[in-house]
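**Student:** Provided below are the primary sequence and the corresponding predicted coordinates.
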Amino acid sequence: MKCKVCGAESGKYPLCKECNKKREMGEIIKCPKCQKWHSVNVSCIEDLEMSEEKFRYELKSSLVTKNEMEYLNCIKAVLPENCLVQAQANLASFIVRTDNARFQNELYRNVDFLITDTAYRPLVVVEINDQTHLTKERRERDRKVVKICEEAGIPIIKLWTSYGVNQEYIKKRITEAVSSLPIKRVPHFIKEKEPEKEMEKVTQSVQTTVPQASKKTGCYVATCVYGSYDCPQVWMLRRFRDENLRKKWFGRLFIKQYYAVSPMLVKWFGNRKLFKTIGRKCLDVMILQLKKAGIEDTPYIDLE
């Protein structure tokens, strides 16, 4: 063992013979503050650390994580020539409130990437979602961001890290979003919402995430229940619809009846918590069965 003071060999003891003699003479102590052996004439190590200059703020090593960097490089590779991409954009930097409210805390949230044109006009928001986005608090935050973007009139693309970086899929999503501009704005924050606006909100959500899909192919109830047209649960349902139901006569009949009824259901009940709770429980059971049957929940593009 090395001596805790001078570093000389001390056998199985914390201090060597010389330092132990000094300890007996009161010249060396085990400091009650830092719990280390040092001379009484030497300032406590804790005092030395406290005396060092401290800083409240320091720079981050990077604006994006390693995983986000892979998506950023992919986005740059497939971005249209007249577009730019910015990392970690604050909502308040490209969205403003029209009521001149004193407090605008809801806008002080960052989105992962913002695509603009060469004049820095905001075009599309891209969010990279990992497992942390499945927590209740994060889902609430994400829903608020979606509503703000829909009301401001900017489409938002969500990419899930669990499915990896798919360059072809990302290119199609960005191309469709940019080509769909300008999109119809959806009011979410007015005090009294007119009933007919509810259907427009869901329809716009579908058009925003998959601009080229027709209204007849929109999964109205699933989109309403899960909050997005582009999430693993809805991908699975859309894949089952196109690859299984459409190939059978009774499946096509069911699809026809579903699209005749579901828009009105969402219009009347889509904004009610009970409807979403019951609808999610029913769809979760169905999704579990589809998963057991081998239906994938990977990113899916509707059949033309």
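**Tutor:** Yep, that arrived.

**Student:** switch to C-alpha atoms for all contacts and neighbour counts from now on
**Tutor:** OK.

**Student:** which residues does the most centrally placed residue in the chain contact?
**Tutor:** Geometric centre of the chain, nearest residue: Asn129, 3.8 Å, by C-alpha atoms, centre = their mean. Counting by C-alpha atoms under 8 Å, 6 or more residues apart in numbering, Asn129 touches Lys158, Leu159, Trp160, Thr161.

**Student:** Averaged pLDDT, stretch 123-132. What do you get?
**Tutor:** Averaged over stretch 123-132, pLDDT sits at 92.

**Student:** no wait, stretch 22-42
**Tutor:** 78.

**Student:** Next, the distance between the ends of that stretch.
**Tutor:** One end of stretch 22-42 to the other measures 14 Å (C-alpha to C-alpha, to the nearest Å).

**Student:** roughly how far out does it sit from the chain middle?
**Tutor:** Here stretch 22-42 is found 53 Å from its chain centre; the criterion is C-alpha atoms, centre = their mean, to the nearest Å.

**Student:** Same question for stretch 112-128.
**Tutor:** On C-alpha atoms, centre = their mean, the centre of stretch 112-128 falls 16 Å from that of its chain.

**Student:** C-terminal to the least confident helix or strand in the chain by mean pLDDT, what's the next element?
**Tutor:** Across the helices and strands of the chain, mean pLDDT, DSSP states H and E gives its lowest value to helix 195-209, namely a mean of 48. For helix 195-209, the following helix or strand on the C-terminal side (DSSP states H and E) is helix 220-226.

**Student:** for the protein, what spans make up the helices?
**Tutor:** 17-24, 45-51, 66-78, 91-94, 136-152, 167-179, 195-209, 220-226, 232-243, 249-269, 273-292 (DSSP state H).

**Student:** Could you name the helices and strands sitting against the third one?
**Tutor:** Spelled out, that is helix 66-78. Contact here means 3 or more C-alpha pairs under 8 Å, 6 or more residues apart in numbering; DSSP states H and E; on that basis helix 66-78 packs against strand 83-90, helix 167-179.

**Student:** The shortest one versus helix 66-78: what angle between them?
**Tutor:** Think strand 83-90. Using axes from the mean of the first three to the mean of the last three C-alpha atoms, to 10 degrees, the direction of strand 83-90 lies 150 degrees away from that of helix 66-78.

**Student:** list the buried ones in strand 83-90?
**Tutor:** For strand 83-90, burial by neighbour count (16 or more other C-alpha atoms under 10 Å) applies to Cys83, Leu84, Val85, Ala87, Ala89, Asn90.

**Student:** Of the contacts of Asn129, which is the most crowded?
**Tutor:** Leu159 (22 neighbours; other C-alpha atoms under 10 Å).

**Student:** Contacts only, for that one.
**Tutor:** Val126, Glu127, Ile128, Asn129 are the contacts of Leu159 under C-alpha under 8 Å, 6+ apart.

**Student:** Kindly state the beta-bridge partners for it.
**Tutor:** Ile128 (DSSP bridges).

**Student:** What pLDDT does the model give it?
**Tutor:** pLDDT, read off for Leu159, is 93.

**Student:** low-scoring stretches of the chain, by residue?
**Tutor:** Counting by pLDDT under 70, the chain shows low-confidence ranges at 43-53, 191-218, 303-304.

**Student:** Go again with 90.
**Tutor:** Within the chain, the stretches with pLDDT under 90 are 1-62, 65-67, 98-108, 130-140, 161-164, 187-284, 286-304.

**Student:** Can you pull the domain assignment for it?
**Tutor:** Residue ranges for the domains of the chain, per automatic domain parsing: 1-58, 64-189, 209-304.

**Student:** Residues contacting stretch 10-17, please?
**Tutor:** Met1, Lys2, Cys3, Lys4, Val5, Ala8, Glu9.

**Student:** again, 6 Å this time
**Tutor:** Stretch 10-17 is contacted from outside by Met1, Lys2, Cys3, Lys4, using C-alpha atoms under 6 Å, 6 or more residues apart in numbering.

**Student:** ditto for stretch 99-119
**Tutor:** So stretch 99-119 is contacted by 82-92, 122-127 (C-alpha under 6 Å, 6+ apart).
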